[in-house]
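Asks: From the sequence below, what's the structure:
(2 chains)
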Amino acid sequence: MTAKSLFDKLWERHVVVDETADSPAVLFIDLHLTHEVTSPQAFAILSERGLRVRRPDLTIATLDHSTPTLPADENGELPYGTPEAKAQVETLIANCAEYGVELLGMGDPRRGIVHVIGPELGLTQPGKTIVCGDSHTSTHGAFGALAFGIGTTEVGHVLATQCILQRKPKSMRVTFEGETPAGVTAKDMALAMIAEIGADGGQGYAIEYAGPAVEALSMEARMTLCNMSIEGGARSGMVAPDDKTIAWLEGRDRAPKGGAWDAAVSDWLSLRTDEGATFDKEVVIDASELKPMITYGVSPDAAAAVDARAPAAASDEERRAADYMKLEGGRPFTENSVDKVFIGSCTNSRLSDLRLAAEIMRGRKVRDGVVALIVPGSEAVRRAAEEEGLHKVFLDAGAEWREPGCSMCIAMNGDAGAPGDLVVSTSNRNFMGRQGKDVRTVLASPATAAASAIEGRIADPRPYLEQ
Amino acid sequence: MSFEPFRTLTSKTLVLPAENIDTDQIIAARFLTTTSRDGLGKAAFYDWRFDENGAPKNSSPFSGYDPAAQKILVAGANFGCGSSREHAPWALYDLGFRAVVSSDIADIFTSNALKNGLLPVEVDEQTHRTLLDAPGEEVSVDLEGQTLRFGGDRQAAFKVEPFARRCLLDGVDPLGHLLNQVDAIEAYESARP
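Replies: As a prediction, this is how the structure comes out:
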């Protein structure tokens, strides 16, 4: 019997029609997540062609990208950034009603960022194929699922047929050896990997993350790592299910129950890469050598240790990035002052992320002149954080505690930086203009972001965590 | 939005040499609140083309750009990286582009472009370099022969996923293809626990 990788096993289970020289495989999708931004034109395809949603039981919708993170006014009106944003939200509500798709909308206690709520509800499970019109769908691979982002035309394909046409990607294993030092998080591991392989290093590959430093990660940290796969060019990243995966899912709303649970667990634990399985590419990273990481350019692979100095630009490409970022070459990163701090996004808005930020902010004050925005990933995260009093820690420190949503990660709901602002952000993309016109984004972990808010400059979080 | 079948294209190029041109550059998130596929050309590369008052920038790589004559975009490596927004190829197509040439084009962008009549063409490094260095050059793209002709008599081969190629050449509809597999889909569904 040929040794198979986790990815091989996930792929094989979902092939409806085999790939040939002429045609891609028809791949069955177990879970389709959708949101307001990339779905309207897909529902329009159904409408134009008189089609129905084939499996409304396998699609779930939420509102996250265009939604305000400030509460409703005294008349109950939500402060949408633009009338178009509101119209887009209303379009999804209407489409879900017309096609019988479950929507976790505004006011629903289960609403949140699509990649936060899937796992929370227990819908994200090992062995599933999961797609969404959103590139950070790779997040769900943390559970040993094959999860990847698709375009809107493909969203239409999934709605109509519960399948998509795909050729099997190549496979890559990224092994993190050793143990991460204190203050080094999954975000730092992800940025270090992307710096190593490049923003296109994972292009055409499905990544499996393995090794002791990955096994040691919590489920939420694994989600952060898998989430960033796309920033290295890979559409999917995954971690083999283990006891932590099982413990996370047990008892969740949509997880199997009773005898079905026992059967599922035994199946899930078989989803591991066999001894001797081969990968098209192997990358090995020594986790014990890692430091807290930040980005200094306009592509996520321009990442370095926070205690380093900004490199001198050596190519046209680097000069273009340096002109935009205005971090002076040769100076320590930590000498650059910060205007805003954003802690949130599908990368780093879960309870453990907020706990880490709160650990640093507790009893301290956000530096005068710095705006710090803390945006929980979901209503459930918000409730849990508030039960622990984390919101009080943030508010006492002078930070803002907002309603759940994508917020400043994509800055399409009105939450944005001002031109020229330097924003230390726990999100996933430092592209030019991503967080607002001429906004300079520095990607970092929640620890680094919190320390930067306190110091008013890019800051190394380790001194705060070693006390 | 409907698009024309793609067989051959001869046009001048617009060159954007920057690497890692992400989908936020192609179409910024603030334009994504639309519920339509149409009319996004104005938003394409907006912040590269226009200043804060909406006036065309003088020093933009788009200065002098003629959409009717320059239907081929030549861009630096890793073009289209970032988000899955299909608005990116919709916007480029609406602006007038019919092909994007680079040494390396991101996966999701490639998949989206092929479904919208915008041909992604990945060429070898040397051809890429030559095209980057010759803005406005006339280039011919032959999808049937998977060949790019440029610089008079030079040519380079490129590959397009065979099914997507057939869809573009013959107007085959991928959703129609999937809908024709309904028996296999039903069989798969009923065989599952």
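Asks: So which residues of the stretch 301-450 of chain A form strands?
Replies: Counting by DSSP state E, counting those that start in this stretch, the stretch 301-450 of chain A forms strands over residues A:303-305, A:340-343, A:371-374, A:400-401, A:422-425, A:440-443, given from the N-terminal end onward.
Asks: Could you point out which residue ranges in the chain have low pLDDT?
Replies: You didn't say which chain, so I picked chain A. Within chain A, the stretches with pLDDT under 70 are A:467.
Asks: My question was about chain B, not that one.
Replies: For chain B, applying pLDDT under 70 flags the ranges B:1-2.
Asks: Near chain B, which residues of the stretch 251-400 of chain A? Just list them.
Replies: Of all the residues in the stretch 251-400 of chain A, those in contact range of chain B (C-beta under 8 Å from any C-beta of the partner chain) are A:298, A:299, A:316, A:317, A:320. All C-beta spots, glycine's among them, are computed from the backbone N, C-alpha and C.
Asks: what distance separates the start and the end of stretch B:101-115?
Replies: In terms of C-alpha to C-alpha, to the nearest Å, the two terminal residues of stretch B:101-115 are separated by 17 Å.
Asks: number of nearby residues for residue 69?
Replies: Assuming you mean chain A. Around residue A:69 there are 22 other residues, counting by other C-beta atoms under 10 Å in any protein chain shown.
Asks: think we crossed wires, I meant chain B
Replies: Considering only other C-beta under 10 Å, residue B:69 is surrounded by 12 other residues.
Asks: wait, what's in contact with it?
Replies: The neighbours of residue B:69, taking C-beta atoms under 8 Å, 6 or more residues apart in numbering or on different chains as the test, are B:11, B:12.
Asks: quick one: secondary structure of it?
Replies: When classified by DSSP: H, G, I helix; E, B strand; the rest coil, residue B:69 comes out as coil.
Asks: what do you get for residue B:10?
Replies: Bear in mind the rule, three-state DSSP; under it residue B:10 is strand.
Asks: which stretches of chain B form helices?
Replies: Using DSSP state H, the helices assigned to chain B run over residues B:23-26, B:46-49, B:87-95, B:107-114, B:125-132, B:162-170, B:174-179, B:182-191.
Asks: Columns mean neighbour count on top of these, output as JSON lines?
Replies: Listed next are the helices of chain B as JSON lines, based on neighbours: other C-beta atoms under 10 Å in any protein chain shown:
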{"stretch": "helix B:23-26", "mean neighbour count": "27"}
{"stretch": "helix B:46-49", "mean neighbour count": "18"}
{"stretch": "helix B:87-95", "mean neighbour count": "26"}
{"stretch": "helix B:107-114", "mean neighbour count": "25"}
{"stretch": "helix B:125-132", "mean neighbour count": "17"}
{"stretch": "helix B:162-170", "mean neighbour count": "18"}
{"stretch": "helix B:174-179", "mean neighbour count": "18"}
{"stretch": "helix B:182-191", "mean neighbour count": "12"}
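Asks: would you turn these into TSV with distance to residue A:428?
Replies: Compiled in TSV, the helices of chain B are given as follows (distance: least, C-beta to C-beta, whole Å):
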stretch	distance to residue A:428
helix B:23-26	12
helix B:46-49	20
helix B:87-95	17
helix B:107-114	15
helix B:125-132	28
helix B:162-170	28
helix B:174-179	29
helix B:182-191	34
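Asks: Give me the nearest residue to residue 136, chain neighbours excluded.
Replies: You didn't pick a chain, so chain A it is. Nearest-residue entry for residue A:136: residue A:346, 4.9 Å, with adjacent residues in sequence omitted and distances by C-beta to C-beta, 6 or more residues apart in numbering or on different chains.
Asks: Chain B was what I was after
Replies: residue B:12 (5.2 Å).
Asks: what's near enough to touch residue 136?
Replies: Picked chain A for this. Residue A:136 makes contact with A:115, A:149, A:227, A:230, A:346, A:347, A:428 under the criterion C-beta under 8 Å, 6+ apart.
Asks: that's the wrong chain, I meant chain B
Replies: For residue B:136, the residues meeting the contact criterion (C-beta under 8 Å, 6+ apart) are B:12, B:13, B:14, B:15, B:70.
Asks: What of residue A:149?
Replies: Taking C-beta under 8 Å, 6+ apart, one finds A:131-138, A:230, A:235, B:83-84, B:108 in contact with residue A:149.
Asks: out of those, who's nearest residue A:104?
Replies: Closest approach between the contacts of residue A:149 and residue A:104, by C-beta to C-beta: residue A:132, at 13.7 Å.
Asks: and the closest one, how many residues sit next to it?
Replies: Counted with other C-beta under 10 Å, residue A:132 comes out at 30.
Asks: so the closest residue in space to it that isn't next to it in sequence, which of the three states?
Replies: Closest residue to residue A:132 in three dimensions, ignoring its sequence neighbours and counting by C-beta to C-beta, 6+ apart: residue A:33, at 4.0 Å. Using three-state DSSP as the criterion, the local structure at residue A:33 reads strand.
Asks: returning to what we had before: in strands, which of the contacts of residue A:149 appear?
Replies: In strands, judged by DSSP state E, the following of the contacts of residue A:149 are found: A:131, A:132.
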